[in-house]
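Participant: here are the coordinates; sequence isn't available:
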């Protein structure tokens, strides 16, 4: 295959923005987007709430500076302040750019883009389109990419980064429709594969495919992963399926109620109440449940998210998707009765370590979006900042790669490398004798992570989690692929995804054990307070000779001094 | 007691499928209903006028319905598309006082007013819901007991369901019930709720006839004795264009297609000749 | 407040999933496999399929991603109707199954089959591209990001519902015309085209419309409403199709294409006679040549059966046609007035 200038792995918000921006930057470049799903299926579509930008359409006194402060404070001061500045100052521009390209934002009476309040934000600055914001942004970007003639390799599964010395030669991927393993020699590669929170499996709201493929490939290629221990639990996942009820439901005035009928958030965030930041609200729910004030059911303990007082009209007009979803998945109409919810893993703050331009330690390899860690979210991401992150840094990565592609020689991937990949994935298909089922392993992985490396963490528990993960990795060697066909072998794909999750789970647990403090989403019951002296720094997990090696990296400070984080 | 209804004269039943009104005329008294024909009514606009001129569309159908309202009767039709069209117009009129006002100002000239008091209903619904299946059973003289019948509902008696609403749009039952009441055997016919292709016949003939051919083919494969439809438009395609459609699909066979009015007539003991069945293309 | 139903012991039912199977590498034609599994209330068809894949037969192939009804991956036919497996409750479908205890699961129709429940979406993407299903912004690229377009709530509402579309292709699968001709534009693509055309930020309206009125375009829809009835997001797709037609007649005139001419003929006839003059409808839609070539052989048979529609002079006008004509004309004045005030 003719070498590409840029190969983008992932067709969600970050990948598509990167592709579009790269084409804008240099239309002469040969750019390809590889995605294991059709781009419009990407998980960006599931982001319901919105994207933050200090447009000051709703609150006239909102400023970029306030957005910066809210983000840094929300991150529990672990975000790099220069990166946050990029994020927030680019925000109004990128939201307007999307608007200019056709994103159907909801509107205020003065016909400007509508904004609503969101957790942890000092002003109503979350721009939205009803409760389908991510979906409409993804559609817009996909449409614009089709318009620009971006070359898509849909339903290709990325397997391996071909690395030679300090630089990459391109990517090896499998064509899912044919089962063929193909080389994509490229000057540059951008990873935009989304998050890894699906490793919590049944206790995760993520799409089945949010298995950290990009991070796992980068990790195996020797690229450090940053702050992997930080996994955000969304406070309001549906009890049975883990699917999210967006923060928009609380933004519109929903109450959280325990079994004693209390609006218990008054105990934890008396001022912001239900609109406190996610980590705090999640912990509050978990505490209520652990202290016996949750409702009981065979599917586990839960809390009520009550919207009934908002009335049918408001629910129908502002939260139609939430209503549809709770009816379809939980059998509950929020107009009639409260929604049963509990915290669920839904966002991974950690990811591939990049600088503010999306670069990684390997020449020609970039990362953006949830797959990357710049870091703008630090220890805890604010609602409405994830869509913003993928847009802003997707665009930056696309621009950087387009500018820098000329510096690198086109790679040539040796055939042996392709064959080695093929052999490895075929290995599991011919196993005989005792074997393991991938489905069971996947579920056990989720269980041990939720139990031992979940919302509340403690040294012995984490060690148990590490032990469990190691055992699961051992058992994985015996997993058998039963589907022997080359065409669309979803059995094989799910096994490959499980491998990626198992490779990454160790880094989450290792970071969690090392970080002896509580900060943002990471709560150590044995170290209940933030320890700025020892732990105001990022962790870096690198694979050295097959072992996870932990390093560290300082946090870039700026105008905002460390403060206690209260709401 | 005789139930009275205003009866809408569909263009197609006035020209190509005259047998529909002819057969209904034969048996209406037998089933205790009286249909008062609205000779002043005009074409409903098919499913076309509403996007050529939404206001004219509302006007003509407000007038058609107002003619029935003047008599204080519900309006009964025996064409699916007329049904759908007039119910759509009614829904728009009932939702918009401004539109109603504008149109009533014009209707005044003829001493008419659209108030929204008359329902628009299909003759099939009148049979099943008003006359009632038991009453029909009682009147049957020649039960259709040896016949395997494929019920072809057509689209516009079912969909859009927010306008029609009588049957489940994807799993209708009313016609099946009528067939059973007449002593016939209704067969599980997947195309029962599918399209006949009529509305694109003049614009995309090949496609339309492929659509029709599929429906005919299934009925033939299921060894149905005949297809029955409540819609003269469906009948026109399935009967009138049957030879052409089947030829296009390389199917060497044929199947008769009846209107529900004829099927009722046969069961009530009227002859095929009186009912106008000889007018069909496929015998 | 409704009492929660959590506290009863969850009942299970044995359900047989009759799954369409086809692996192009080994199968010469498709077949069905039956999988009987216990299913409790609240379980979706997708979760049941996941269970079958994990516990019974790992080779059953289907797409699934978000499992939350927003990504559109798991469109398939369940008991003959296209829907999303992830938002479909097993027990609800079971109640309506023709064969008790059996749920039939098949791939979407009208798209090329790849394997089992997986179909190729490329043709749909190809059509989206062909019909420019994107906003072609009137703002030059270098100006973007500086200021917002101002969009009224009224305009937003015109396309709001259409942007719910997740391209699951249920409507594609259910479309009557697509079954007859795979070249047909497709309901989803018409919906998207409409959504772009009513967006004031878009500058390609006329170009898109010109493509839509060509063969295999908007006039080929046969108004069967199946797309709308099966839309998993309850989008009124037919309203969008009618919207394009209305627009086409307004912008491109009534003589533009056979579809437009056909529609206009209704207007003419009603204005003159109150009744449709069916005999000349084919001429007016497609011209004399087409009519003679296509309809003459059939006309002979129809004449023999006295089934031909009467010639124009024989079509009796509706009773009271004079007053009606006056009303109709006056309405035309209203419409003219509306257009003028709208254009202001």
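Facilitator: Received it, and whenever you're ready, just let me know what you need. Bear in mind the structure is a predicted one, so any value in this text is a computation, not a measurement.
Participant: quick one: contacts of stretch A:490-500?
Facilitator: Contact with stretch A:490-500 is made by A:36, A:157, A:159, A:176, A:209, A:211-213, A:215-217, A:425, A:428-429, A:438, A:441-442, A:445, A:476, A:479, A:481-483, C:53, C:58-59, C:61-63, as judged by Cβ atoms under 8 Å, 6 or more residues apart in numbering or on different chains. Using the backbone N, CA and C atoms, a C-beta is placed for each residue, glycine as well.
Participant: so how far is it from its chain's centroid?
Facilitator: Once both centres are worked out by Cα atoms, centre = their mean, to the nearest Å, stretch A:490-500 turns out to sit 19 Å from its chain's centre.
Participant: pLDDT of it, averaged?
Facilitator: Mean per-residue pLDDT for stretch A:490-500: 96.
Participant: now stretch C:101-118
Facilitator: pLDDT averaged over stretch C:101-118 gives 98.
Participant: that one near chain B at all?
Facilitator: No: on the criterion Cβ under 8 Å from any Cβ of the partner chain, stretch C:101-118 is out of touch with chain B, staying 11.5 Å away.
Participant: picking up where we left off before, so which of the contacts of stretch A:490-500 sit within strands?
Facilitator: A:157, A:159 (DSSP state E).
Participant: so which of the contacts of stretch A:490-500 are in helices?
Facilitator: Using DSSP state H, the subset of the contacts of stretch A:490-500 located in helices is A:213, A:215-217, A:425, A:438, A:441-442, A:445, A:476.
Participant: from the chain's centre, how far out does the helix or strand of chain B with the lowest mean pLDDT sit?
Facilitator: Each helix and strand of chain B was given a mean pLDDT (mean pLDDT, DSSP states H and E); the minimum falls on helix B:49-52 at a mean of 88. Distance of helix B:49-52 from its chain centroid, counting by Cα atoms, centre = their mean, is 21 Å.
Participant: show the subsequent helix or strand relative to it.
Facilitator: helix B:54-71 (DSSP states H and E).
Participant: by pLDDT, give me the weakest of the ones in helices among the contacts of stretch A:490-500.
Facilitator: residue A:425 (86).
Participant: pretty sure residue A:153 is in a helix, no?
Facilitator: No: counting by DSSP: H, G, I helix; E, B strand; the rest coil, residue A:153 falls outside a helix, being strand.
Participant: one step back: of the ones in helices among the contacts of stretch A:490-500, which are in range of chain C?
Facilitator: residue A:438.
Participant: out of the ones in helices among the contacts of stretch A:490-500, which is most surrounded?
Facilitator: residue A:215 (32 neighbours; other Cβ atoms under 10 Å in any protein chain shown).
Participant: which ones are touching it?
Facilitator: Listed by Cβ under 8 Å, 6+ apart, the contact set of residue A:215 reads A:191, A:193, A:196, A:225, A:351-352, A:371, A:500, A:504.
Participant: then residue A:97?
Facilitator: Counting by Cβ under 8 Å, 6+ apart, residue A:97 touches C:144-145.
Participant: nearest to residue B:140 among the contacts of residue A:215?
Facilitator: Taking Cβ to Cβ as the measure, residue B:140 lies nearest residue A:193 of those, at 68.4 Å.
Participant: now the closest one: which helix or strand?
Facilitator: Going by DSSP H and E, residue A:193 is not part of any helix or strand.
Participant: ok, and the closest non-adjacent residue to it?
Facilitator: residue A:214 (3.2 Å; Cβ to Cβ, 6 or more residues apart in numbering or on different chains).
Participant: in chain C, which spans are helices?
Facilitator: Assignment of helices within chain C using DSSP H yields the ranges C:45-51, C:90-95, C:122-130, C:153-160, C:170-174, C:176-180, C:187-197, C:205-212, C:226-230, C:237-252, C:258-272, C:281-304, C:321-343.
Participant: which one of those helices lies closest to residue C:144?
Facilitator: Counting by Cβ to Cβ, residue C:144 lies closest to helix C:187-197 out of these; the figure is 17.5 Å.
Participant: quick one: the closest one to helix C:153-160, angle?
Facilitator: Helix C:187-197 runs at 160 degrees relative to helix C:153-160, counting by axes from the mean of the first three to the mean of the last three Cα atoms, to 10 degrees.
Participant: for helix C:187-197, what is the distance to the chain centroid?
Facilitator: 10 Å.
Participant: still on that earlier bit, now, which of the contacts of residue A:215 lie within helices?
Facilitator: A:500, A:504.
Participant: and the contacts of residue A:215, which are buried?
Facilitator: A:191, A:193, A:196, A:225, A:351-352, A:371, A:500, A:504 (16 or more other Cβ atoms under 10 Å in any protein chain shown).
Participant: chain C contacts on the stretch 151-283 of chain B?
Facilitator: Within the stretch 151-283 of chain B, the positions near chain C by Cβ under 8 Å from any Cβ are B:155-156, B:158-161, B:169-171, B:188, B:190, B:194-195, B:197-200, B:202-211, B:214, B:240-241, B:243-244, B:278-281.
Participant: would you write a PyMOL line that selects the buried entries of the residues you listed?
Facilitator: This is the PyMOL syntax for the buried subset of these, where burial follows 16+ other Cβ under 10 Å:
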select buried, chain B and resi 155+156+158+159+160+169+170+194+195+197+198+199+200+202+203+204+205+207+208+209+210+211+214+240+241+244+279+280+281
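Participant: what ranges do the helices span in chain B?
Facilitator: B:11-15, B:19-27, B:49-52, B:54-71, B:80-95, B:97-107, B:123-125, B:133-139, B:174-181, B:205-221, B:232-235, B:242-248, B:260-267, B:272-275.
Participant: which stretches of the stretch 201-344 of chain C have low pLDDT?
Facilitator: Along the stretch 201-344 of chain C, segments meeting pLDDT under 70 span C:296-297, C:343-344.
Participant: how about the residues of it by chain A?
Facilitator: So the stretch 201-344 of chain C meets chain A at C:201-202 (Cβ under 8 Å from any Cβ).
Participant: how about the stretch 201-344 of chain C: which residue is closest to chain A?
Facilitator: residue C:201 (5.9 Å; Cβ to the nearest Cβ).
Participant: likewise for chain C?
Facilitator: Counting by Cβ to the nearest Cβ, chain C gets nearest chain A through residue C:135, at 2.8 Å.
Participant: that residue: how many residues sit nearby?
Facilitator: Neighbours of residue C:135 using other Cβ under 10 Å come to 24.
Participant: is it correct that it is in contact with residue A:99?
Facilitator: No: counting by Cβ atoms under 8 Å, residue A:99 is not a contact partner of residue C:135; they are 10.2 Å apart.
Participant: that older thread, nearest to residue A:12 among the contacts of residue A:215?
Facilitator: Distances from residue A:12 to those, taken by Cβ to Cβ, are shortest for residue A:193, at 8.1 Å.
Participant: residues in contact with that closest one?
Facilitator: Here residue A:193 is in contact with A:9-10, A:15, A:158, A:212-215, A:371 (Cβ under 8 Å, 6+ apart).
Participant: rewinding a little: closest to residue B:231 out of the helices of chain C?
Facilitator: Of the helices of chain C, nearest to residue B:231 by Cβ to Cβ is helix C:176-180, at 14.8 Å.
Participant: and the residue in the stretch 101-250 of chain B positioned nearest to chain A, what pLDDT?
Facilitator: Per Cβ to the nearest Cβ, residue B:162 is where the stretch 101-250 of chain B lies closest to chain A, at 15.8 Å. Here, the pLDDT recorded for residue B:162 equals 95.
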